[in-house]
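Chemist: Generate coordinates for the sequence data below:
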Amino acid sequence: MKKLITAAMTLALAAGMASAQVESANIVGYTTQALPTQRQIIIGVPFQNVGGGPVDLQDIVVSGVPADGMTVLWWWNKDTGIYTSAYWVELYDALGDPVGVNGWGDEVGWIAIDKTFAAGEGFWIKAPAGASVTVAGELVTATGDQPYLGIALPAEQQIQLTNPMPVESTDLQSITMDGVTPTGGTVLWWWNKDTRIYTSAYWVELYDALGEPVGGNGWGDGQDWIAIDKTFAAGEGFWIKA
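Modeler: Model prediction:
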């Protein structure tokens, strides 16, 4: 039996900070992010469902705003090459009667959408002022208490992923690639909600400002292969193509 941790308790694994116990083989908790007003942002799903398996869309909760369809969540289908959208609404059944709960529904009948996210997947979200989103579940762990995510990437298809450390920030350079050569063919990029542009990073053999190799692989710029300085907050997501 392990203890409940939250996004704020970044030292929980080391210091044993806890507020409750749960019946779970692994550590469980949640991340909550305030959403920038009417600006799109990628959110990650850094957890699996408690007991294993993917996280259900309906377990991703929005607070601080009405369930009136103004908050939109959408994800990229790597197989069909299109987005699917869901709206935070008061849910209705197929007969048009309210089911008594809020959740993610379609745009027409506000009927619940069936969708799951595997640990490590991500999605876009856009909401009015005051909104926050919470993703909860069970950490994916290695042997011991160090959380990690390992995701197999579809060949030459873009996919949204998440910060691999659910409860704390992660340096870009700690996200590593296996099975590919560090020649710039693997690209990672993230959306800057303030400037509204993407920043790209390439998996390369890193060089310093003088053009000398530093002796390691990492995420560099597209010109000189110099390491890029970037930190992902808990639950923050990014695109990747390999």
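Chemist: Centre-most residue in this structure?
Modeler: Using C-alpha atoms, centre = their mean, the residue of the chain that lies closest to the mean C-alpha position is Gly44, 0.9 Å off.
Chemist: what pairs with that one across the strands?
Modeler: Under DSSP bridges, the beta-bridge partners of Gly44 are Gly122.
Chemist: isn't it right next to Asn163, touching?
Modeler: Yes: taking contacts as C-beta atoms under 8 Å, Gly44 lies within contact range of Asn163: 5.5 Å. C-beta coordinates here come from the backbone N, C-alpha and C atoms, glycine included.
Chemist: got any residues that touch both of these two?
Modeler: Gly235, Glu236, Gly237 (C-beta atoms under 8 Å, 6 or more residues apart in numbering).
Chemist: Adding pLDDT, write the residues you listed out as a markdown table.
Modeler: A markdown table is the format used below for these (pLDDT from 0 to 100):
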| residue | pLDDT |
| --- | --- |
| Gly235 | 82 |
| Glu236 | 88 |
| Gly237 | 89 |
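Chemist: Which of the residues you listed fall in strands?
Modeler: Gly237 (DSSP state E).
Chemist: Compare the shared contacts of Gly44 and Asn163 and tell me which is most surrounded.
Modeler: Gly235 (26 neighbours; other C-beta atoms under 10 Å).
Chemist: my read: that one touches Ala136, true?
Modeler: No: Gly235 is not in contact with Ala136 according to C-beta under 8 Å; the separation is 10.7 Å.
Chemist: can you pull the contacts of the residue nearest to the centre of the chain?
Modeler: Gly44 neighbours (C-beta under 8 Å, 6+ apart): Gly120, Glu121, Gly122, Val135, Gln160, Leu161, Thr162, Asn163, Gly235, Glu236, Gly237.
Chemist: Helix or strand with the lowest mean pLDDT in the protein?
Modeler: When each helix and strand of the chain is scored by mean pLDDT, DSSP states H and E, helix 12-15 comes last, with a mean of 23.
Chemist: Tell me the first helix or strand C-terminal of that helix.
Modeler: Downstream of helix 12-15, the next assigned helix or strand under DSSP states H and E is strand 28-34.
Chemist: picking up where we left off before, out of the shared contacts of Gly44 and Asn163, which is nearest to Ile226?
Modeler: Glu236 (22.7 Å; C-beta to C-beta).
Chemist: quick one: the closest one from Met165, how far?
Modeler: Look at Glu236 and Met165: by C-beta to C-beta, to the nearest Å, they are 10 Å apart.
Chemist: Likewise for Phe232?
Modeler: In terms of C-beta to C-beta, Phe232 sits 8 Å off from Met165.
Chemist: tally of neighbours for Gly96?
Modeler: Around Gly96 there are 9 residues (other C-beta under 10 Å).
Chemist: Tell me if I'm right that it and Trp110 touch.
Modeler: No: using C-beta under 8 Å, Gly96 is not in contact with Trp110; the gap is 9.2 Å.
Chemist: same for the helix or strand encompassing Lys126, what does it pack against?
Modeler: Using DSSP H and E, Lys126 maps to strand 122-126. In terms of contacts (3 or more C-beta pairs under 8 Å, 6 or more residues apart in numbering; DSSP states H and E), strand 122-126 is packed against strand 41-44, strand 68-77, strand 159-162, strand 237-241.
Chemist: Check which helices and strands the second one is in contact with.
Modeler: Based on contacts counted as 3+ C-beta pairs under 8 Å, 6+ apart, the elements that strand 68-77 packs against are strand 82-92, strand 122-126, strand 159-162.
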